[in-house]
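J.: output the structure for:
(2 chains)
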Amino acid sequence: MHNDLLAVTSQMRAHIVEMLAVAGSGHPGGSLSATEIIASLYFKHMRIDPQDPDWPERDRFVLGKGHAAPALYAALAMRGFFPEEELLTLRKLGSRLQGHPCRTDTPGVDMSTGSLGQGLSVANGMALAGRLDGLDYWVWCVMGDGEIQEGQVWEAAMSAAHYGLDRVIAFVDHNGLQIDGTNDQVMGVEPIDAKFAAFGWHTQRIDGHDLDAIDAAIAAAKAERGRPSVIVCDTVKGRGVSFMENVVDWHGVAPDAAQAKDALAEISAAAPEGGRR
Amino acid sequence: MNSATREAYGAALAELGRTNPDVVALDADLAGSTKSATFGNAFPERFFDMGIAEADMIGTAAGLATCGKVPFASSFSVFATGRAFEQIRNSVCNANLNVKVVGSHAGPSCGADGSSHQAVEDIAIMRSLPRMTVVVPADDVEAYAATIALAEHQGPAYLRVARLASPTVHDEGYRFELGRADLLRDGGDVTIVACGMMVGRALEAAEALSAEGIEAQVLNMATVKPLDADTLEECARKTGRVVTVEEGSVVGGLGTACCEALSERFPVPVRRIGMPDCFGTSGEGNELLDYFGLNASHICEVARELCK
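T.: All right, here's what the predicted structure looks like:
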């Protein structure tokens, strides 16, 4: 399974690069940094049925950092929510794949996001509904590190703890970069785990590209009772494409054809057997 | 009878609690004032006080709605629609979720709390949002019926209710229909279109005008969006003159909505009565309504002038 998941991450990265190159705009850096988190959820941990995207007992997923939509779309397509060919329609007029996730357009998208800071509140509402309905689904929320500069995140952090929402498991994709520079230059966010701990959350801090570490952290988060759980993931923005890694300019710029070719070659070379196209 | 629309909202919400297990309520530390506490006391497991955090309240309501719940999220209208505007825009309307935003203490009739607490812009900003339905009930009877109707309506909605008690203008048997204007009085000289507690003032004005020989129609436009443009046009064709009255800014509210519809369908002279692009101030509710000309005598004055 581990090797399969590695192959999945390679395939997702290839999709991300191709989608963005064809679209001509979008956000590669934060899509590539969140790839292992999203791959682990959609291919290993989430209870979902691609044939029944609205299954009431399914796990819910909210991509707070909606600009990482290419990573989510790649996972949804690879899981069969819609055809993989459709990925190349990203951001085009008439496509079901808007630049940011839209629940009314795309099968498998549980919540429309894109305006940063709103996702965690929505995840909390989903968890409250599950509690009222006696359902045991999990609600997963992936936020960006820049995103947690939004005050609403901390309102939601407070209410998740107040209501003891132990079915909410949040990730912070801490790649350290945002549009205007590093988090430290723009608006410091550390210590992220200590902040959540002070708000009453169970916290863990891991390497967000280590699939085993993600598994272990999810297991520990699920074992926690009575309070929500956050997994702060230290990641590399642009991970897997060397010329994008840790380069702030790759937050919101698509690769051109030549850059995409280089990126795909690098992703393919790093992929395990079975992950190559 | 003759109670505040917020009281009727609370009573209707509690009734919905009994009849619809999917209805849930959220508030932002104002449940006693918005009257959502009437529901909360009866159904504590379905009531969520979110603290003084309106953005989180709307987002949480949106999450509940994705799972089939019918959330009513209440606060003072300034905070519900203003502080959480972009959450309503993106997490509710753009996501097309079945969340009912309820703003109480709207307009200067909110009273002594002053301008910071008296929403004048809420109708305009809620009306500007795609997919949003906007309802401003005239009295307690209509507020009760509108609350029930909004729970049955699938989609985002904004319900505006008032702190101040006002006269009941509808019979108990009144049937509220979403999107349908309600002609309360007929006449051939001028049409007075009103919403909220201004409907009662408009009826008062029509009575006084009649004594002077001016016969005014009074059209209760409780659903400001979608506007019942057909009925409005019919009225305009009959009288040829329209006065609009609302307890909010003349910029973007009911008066603006009527002008938009009439200018495209059947242009007639229109006069808009409302807050003249200004904020409120402190005072007693009724005193403030008089101060800002939101009363029968000012409506008469404007209608009289228009009929000259």
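
J.: contacts for the one helix or strand A:Val232 maps to?
T.: Using DSSP states H and E, A:Val232 maps to strand A:229-234. Residues outside strand A:229-234 that contact it (CB atoms under 8 Å, 6 or more residues apart in numbering or on different chains): A:37, A:166, A:168-174, A:192-193, A:196, A:201-208, A:214, A:217-218, A:220-222. Using the backbone N, CA and C atoms, a C-beta is placed for each residue, glycine as well.

J.: give the contact list for whichever residue of the stretch 101-250 of chain B sits closest to chain A.
T.: The stretch 101-250 of chain B approaches chain A most closely through B:Arg131 (9.9 Å), counting by CB to the nearest CB. Contact analysis of B:Arg131 by CB under 8 Å, 6+ apart lists B:Cys93, B:Asn96, B:Gly155, B:Pro156.

J.: quick one: contacts for the third one?
T.: Put plainly, it is B:Gly155. Applying CB under 8 Å, 6+ apart, the residues near B:Gly155 are B:Asn96, B:Asn98, B:Arg131, B:Thr133.

J.: in strands, which of the residues you listed appear?
T.: If you go by DSSP state E, those have B:Thr133 in strands.

J.: just the buried residues from the contacts of B:Gly155, in ChimeraX please.
T.: The ChimeraX selection below is limited to those of the contacts of B:Gly155 classed as buried (16 or more other CB atoms under 10 Å in any protein chain shown):
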select /B:96,98,133
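
J.: count the neighbours of whichever residue of the stretch 101-250 of chain A sits closest to chain B for me.
T.: Per CB to the nearest CB, A:Gly125 is where the stretch 101-250 of chain A lies closest to chain B, at 2.1 Å. Neighbour count for A:Gly125, taken as other CB atoms under 10 Å in any protein chain shown: 37.

J.: I'd say it and B:Ala65 touch.
T.: Yes - using CB atoms under 8 Å, A:Gly125 is in contact with B:Ala65, at 7.4 Å.

J.: common neighbours of those two, please.
T.: In contact with both A:Gly125 and B:Ala65: B:Pro71, using CB under 8 Å, 6+ apart.

J.: how near is B:Asp56 to B:Asp277?
T.: B:Asp56 sits 32 Å away from B:Asp277, going by CB to CB, to the nearest Å.

J.: compare neighbour counts for these two and give me the winner.
T.: The neighbour count for B:Asp56 versus B:Asp277, taken as other CB under 10 Å, is higher for B:Asp56 (32 against 10).

J.: B:Leu164 against B:Gly111, yeah?
T.: Yes - B:Leu164 lies in contact with B:Gly111 (CB under 8 Å); the separation is 6.7 Å.

J.: which neighbours do the two have in common?
T.: Listed as contacting both B:Leu164 and B:Gly111 by CB under 8 Å, 6+ apart are B:Gly285.

J.: and the nearest residue to A:Pro272 once chain neighbours are set aside, how far from B:Thr191?
T.: Using CB to CB, 6 or more residues apart in numbering or on different chains and skipping residues adjacent in sequence, the residue nearest A:Pro272 is A:Leu6, 4.8 Å away. Per CB to CB, A:Leu6 is found 71 Å from B:Thr191.

J.: quick one: which of the two has more around it?
T.: Neighbours per residue (other CB under 10 Å) separate A:Leu6 from B:Thr191, with B:Thr191 holding more: 29 against 19.
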